[in-house]
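1. coords below, sequence missing:
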Ligand code: GLN
């Protein structure tokens, strides 16, 4: 810990009462308002589950898998962190119990603990502490969010580790923030404080006294209740912050600052600084509140029953809307509905069609039907990763008549226009994968550069011929189909720098039809919307004016 910058302070964020209170958003929002006061921040997530990362979990279980530039598959909260703070997350910002134990066991095998019995305390807790303080620079604040809810068995080593860290670093460099819920009981006509009191008691059992409570509530907390919470939870009244429900997540930083959250943090650490300049959020919220119009865009996917699976995508569309001063209304369509229902009538009321990333067979013919509809009706189309692969297969099958064109992910004996990647370059080094290798963490992951074709729509959208985007895929369009695809009206307008891997396809005969092998949604921010989403939404708005 010796190399730790003495000015760096740590805020530990825990959650209680129930899950899904929005701890990730709360952490991201607090980080953002501290930035608005001029501080440098870093956000970290510690997930108590046993998976090494969420990469092999079903999106229905875990929601979206967020991917960082350095190729880490991480919790979707890292997406909130990046969108609110603009700070690119790294491998060292996300851990899980699986990763922590993997490290401890590797060290044990290596003989690093020779002579010792390996135990949760101190070996596991030390590894958690090391994670929290490692790879930092000159940050003013490091915000560490502990996943799960206080009282979970899996979370105990994390609570012990942050308790110890506060002891090691001193209370003047650490702060405990606890997020709870005040349920409203209609028959009593009251907000109830008891679950919050119990949750704080639970934290105190682990030796943690929260310094600040953030209380989710559907209505303002009366003065009396606030006093009661402060008294029973041993917290300054000004540090009991109400977090009222808001209609849009980008209002949260403004709402928290209004409740005095950043001021309370500065008071806690005895920091004297100017008030937060929140103009960036004010502008965004003003645009969201008074859009000049509305545009309906279809997202045709497999996981639409759990929208958490498309978190960054939904946000990126919102950002594209903000840039155009329009509200984007997303029509979430289950791809399977396009297999059983009438495609024309389901898609007749949308001005843009997006087929996002995905895995596996279910819903694929529905996705291909959506591509066909967009192509034939000249509706703006954006295909992302699996969506791009589907667009290529659609051209092969429906324009060029190669009926068994497919991806080997779905059919090993097909005309393999999309095939398993077994070799590619990363920063000059060859990456090699085998068909029967491990599935966890072995995709083509993270930021890769691409070169765009001069004069193409893609180059026009980006305003550049060199880009870097984040990837997460195992299969890839085979470049050998380039000429054939061109005969079908589809050009490859972006490739890896060595020209071997197609990265972007487009149809010059169409007003706006682009497929990308990467995930642009992961890099979009409300105050820096991704150009592909800005232009896709713009094209969709134009389309809606035509009908
Ligand atoms: N399943 C496809 C692949 O592995 C696409 C992945 C994705 O859409 N992220 O290549």
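-> Perfect, I can see it now. As the structure is a computational prediction, the values presented were derived from the model and not from experiment. Numbers count the residues shown, from 1 in each chain.

2. Tell me how far stretch 203-222 lies from the chain's centre.
-> Averaging C-alpha positions (C-alpha atoms, centre = their mean, to the nearest Å) puts stretch 203-222 26 Å from its chain's average.

3. Enumerate the positions of it that are buried.
-> Residues 203, 206, 208, 210, 211, 212, 213, 214, 215, 216, 217, 221 are the ones in stretch 203-222 that count as buried (16 or more other C-beta atoms under 10 Å). For every residue, glycine as well, the C-beta is placed using N, CA and C.

4. Tell me which helix or strand comes right after the helix or strand hosting the first one.
-> Looking back up the chat, that one is residue 203. For residue 203, the host element (DSSP states H and E) is helix 194-205. Tracing the chain past helix 194-205, the next element assigned as helix or strand by DSSP H and E is strand 212-217.

5. Name the residues that touch that following strand?
-> By C-beta atoms under 8 Å, 6 or more residues apart in numbering, the residues outside strand 212-217 that reach it are 21-22, 26, 175-182, 184, 191, 196, 200, 221, 229, 233, 235, 239-245, 256, 261, 264-265, 268.

6. Helix 194-205 and that strand, what's the angle between them?
-> Relative orientation of strand 212-217 and helix 194-205, computed by axes from the mean of the first three to the mean of the last three C-alpha atoms, to 10 degrees: 150 degrees.

7. what lines up beside strand 212-217 in the sheet?
-> strand 174-181 (parallel), strand 240-244 (parallel) (DSSP bridges).

8. quick one: stretch 96-112 to chain centroid distance?
-> On C-alpha atoms, centre = their mean, the centre of stretch 96-112 falls 27 Å from that of its chain.

9. still on that earlier bit, need the strands paired with strand 212-217 in JSON lines with distance to residue 307 and mean pLDDT, can you?
-> Listed next are these as JSON lines, based on distance: least, C-beta to C-beta, whole Å; pLDDT from 0 to 100:
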{"stretch": "strand 174-181", "distance to residue 307": "21", "mean pLDDT": "98"}
{"stretch": "strand 240-244", "distance to residue 307": "21", "mean pLDDT": "96"}
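
10. Go through those and pick out the most buried.
-> Comparing these on average neighbours per residue, with mean count of other C-beta atoms under 10 Å, the densest one is strand 174-181 at a mean of 25.

11. Tell me which residues are up against the helix or strand following it.
-> Counting by DSSP H and E, the next helix or strand C-terminal to strand 174-181 is strand 184-185. The set of residues external to strand 184-185 that reach it, using C-beta under 8 Å, 6+ apart, is 190, 191, 192, 217, 218, 219.

12. Which one of those is nearest to residue 387?
-> For those, the residue nearest residue 387 by C-beta to C-beta is residue 218; the value is 37.3 Å.

13. what sits against that closest one?
-> Counting by C-beta under 8 Å, 6+ apart, residue 218 makes contact with 184, 244, 245.

14. please redo it, this time with the cut-off set to 10 Å
-> By C-beta atoms under 10 Å, 6 or more residues apart in numbering, the residues touching residue 218 are 181, 182, 183, 184, 191, 244, 245.

15. On the pLDDT front, check residue 60 for me.
-> Residue 60 carries a pLDDT value of 83.

16. does the ligand sit close to the host helix or strand of it?
-> Using DSSP H and E, residue 60 maps to helix 59-62. No: Helix 59-62 stays out of contact with the ligand when judged by C-beta under 6 Å from any ligand atom, the minimum separation being 10.3 Å.

17. Show residues contacting that helix.
-> Residues outside helix 59-62 that contact it (C-beta under 10 Å, 6+ apart): 47, 49, 51, 54-56, 65, 75-76, 301-303, 305-306, 308-311, 357-359.

18. Likewise for stretch 420-437?
-> Against stretch 420-437 from outside (C-beta under 10 Å, 6+ apart): 71, 407-409, 412, 442-449, 471, 473-476, 478, 496-498, 500-501.

19. Go back to the residues you listed and keep what's next to the ligand.
-> Among the contacts of stretch 420-437, the ones lying near the ligand by C-beta under 6 Å from any ligand atom are 409, 473, 474, 475.

20. gap between the third one and residue 507?
-> Read that as residue 474. Remark: distance between residue 474 and residue 507 (C-beta to C-beta, to the nearest Å) = 25 Å.

21. chain center to stretch 246-260, what's the gap?
-> The answer for stretch 246-260 is 20 Å, by C-alpha atoms, centre = their mean.

22. er, stretch 364-383 I mean
-> 26 Å.

23. likewise stretch 113-125?
-> Relative to the mean C-alpha coordinate of its chain, stretch 113-125 is positioned 34 Å out (C-alpha atoms, centre = their mean).

24. So which of the contacts of helix 59-62 sit within helices?
-> residue 311 (DSSP state H).

25. ok, residues contacting whichever helix or strand comes after the helix holding residue 60?
-> The helix or strand immediately downstream of helix 59-62 is strand 66-67, counting by DSSP H and E. With contact meaning C-beta under 10 Å, 6+ apart, strand 66-67 is reached by 45, 54-55, 72-82, 89, 94, 311-312, 443, 445-447, 470-472, 518-519, 522.

26. ok, the buried residues of stretch 203-222 vs the ligand, which is closest?
-> residue 216 (32.8 Å; C-beta to the nearest ligand atom).

27. now the closest one: how far from residue 24?
-> Counting by C-beta to C-beta - residue 216 and residue 24 are separated by 13 Å.

28. Over to residue 368?
-> 35 Å.

29. if we can go back for a sec, out of the contacts of helix 59-62, which touch the ligand?
-> 357, 358, 359.

30. Output the residues you listed as JSON lines; include the columns neighbour count and pLDDT.
-> Formatted as JSON lines, these follow (neighbours: other C-beta atoms under 10 Å; pLDDT from 0 to 100):
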{"residue": "357", "neighbour count": "26", "pLDDT": "96"}
{"residue": "358", "neighbour count": "22", "pLDDT": "94"}
{"residue": "359", "neighbour count": "16", "pLDDT": "93"}
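
31. rewinding a little: show me what the helix holding residue 203 is packed against.
-> Helices and strands touching helix 194-205, by 3 or more C-beta pairs under 10 Å, 6 or more residues apart in numbering; DSSP states H and E, are strand 9-15, helix 156-169, strand 174-181, strand 212-217, helix 223-233.

32. re earlier: among the ones next to the ligand among the contacts of stretch 420-437, name the ones in strands.
-> Using DSSP state E, 473, 475 are the members of those that sit in strands.

33. Show me which of the ones next to the ligand among the contacts of stretch 420-437 are buried.
-> Looks like these have 409, 473, 474, 475 buried, using 16+ other C-beta under 10 Å.

34. which of the residues you listed sit farthest apart?
-> That would be 409 and 473, which, of those, are the farthest apart (C-beta to C-beta) at 9.5 Å.

35. which residues do the two both contact?
-> Shared contacts of residue 409 and residue 473, counting by C-beta under 10 Å, 6+ apart, come down to 359, 386, 389, 418.
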